[in-house]
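Visitor: Return atomic coordinates for the entry below.
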Amino acid sequence: TTKEHILVLYTRYQMNIAHFKQLDWDFREQNSRKFLHNLCWYPSRFIPMIPAQLIASLSRPGDVVLDPFCGSGTVLLEAMRQQRQSISLDINPLGCFIAKTKARICAGEYFDFNKLKTLLREIKLATERNKAPSLFALESQLLNQSNLIPNRSEISPWYHKNTLKELTALFNYIEQIDNELTKDILRLIFISILMTSSGHKGGRPYTYYADNVRPKVPLEKNAFKLFHQRLKRFLSESEKRMPLEPFKGSWKVENADARNFSKQLIGPVDLIITSPPYVG
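Guide: Prediction:
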């Protein structure tokens, strides 16, 4: 009956409350830089242990989990790992791209692992300033073909000229790759080094970018070395964890404003977990 159903839900709620009170929600002893979550930096990222714990406690395999402000897809990945179906919304297309790419990897979509390993070896040569055929063929073109640098007038003040040349060689190499997921993985790694490659001091000087303060004299950074470090870490973590447990459910990422998104398009959900956007 309805009364019995309510009693069951209430009992489960009380058990969850008691369980949650016993947890250390700071998760000090655990590493939040988990595989895929750390593939590409994104501001104000949700600590993955929080949605992981909530999903395990408040839903069951096959349930639908909604995140209306998904960012780079932390809730999405944790839901998929626990065999929950997932619907994710975000108004930022970059966040949606990161979330979709990570979800495609988690879902077991094919990417060319050998192609990535070949590129890693070639970038190592480029890092050491030796001859790396494909990359340096592109880099040499840039000496006389400035049109290969996208948005050159806007981008140039942020980077040392040599760093920008290396970034452009990487960018054009990536865009020539055929397999779409392989290309998107490399795009994410490329995005993840843009801040650290800039001419500012320090690794991630957020306030400079937020206030659009460009470096007076851009410092030279080795973009090949930064890219090599990130790609090497991804390949190393992939080898340890692949193949992932096959994901049996469905997932969806929509670039949309949650305030206007039709509930008919979302459909029924069993659990909502989100880290709301900051007012600023």
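
Visitor: what's the neighbour count on residue 170?
Guide: Residue 170: 25 surrounding residues under other CB atoms under 10 Å. (Glycine included, C-beta is placed from N, CA and C.)

Visitor: And residue 171, by the same measure?
Guide: Residue 171 is flanked by 17 other residues according to other CB under 10 Å.

Visitor: From residue 189, how far out is it?
Guide: Residue 171 is 12 Å from residue 189, where distance means CB to CB, to the nearest Å.

Visitor: same question, residue 48
Guide: 19 Å.

Visitor: And for residue 10?
Guide: Distance, residue 10 to residue 189, using CB to CB: 48 Å.

Visitor: Between the two, tell me which one has more neighbours.
Guide: Each of residue 10 and residue 189 has its neighbours counted (other CB under 10 Å); residue 189 has more, 22 against 10.

Visitor: From what I see, residue 208 and residue 201 are in contact.
Guide: No: in this structure, residue 208 is not within contact of residue 201 by CB atoms under 8 Å, at 9.1 Å.

Visitor: Between those two, which is the more surrounded one?
Guide: Counted by other CB under 10 Å, residue 208 and residue 201 do not tie: residue 208 has more neighbours, with 18 against 9.

Visitor: Relative to residue 259, how far out is the more buried one?
Guide: 31 Å.

Visitor: With residue 60 instead?
Guide: Residue 60 is 29 Å from residue 259, where distance means CB to CB.

Visitor: Just want to know which of these two has more residues nearby.
Guide: The residue with more neighbours, out of residue 60 and residue 259 and counting by other CB under 10 Å, is residue 60; that gives 12 against 7.

Visitor: Just to be sure, that one is in a helix?
Guide: No: counting by DSSP: H, G, I helix; E, B strand; the rest coil, one finds residue 60 to be coil, located in no helix.

Visitor: Return the residues in contact with it.
Guide: residue 270 (CB atoms under 8 Å, 6 or more residues apart in numbering).
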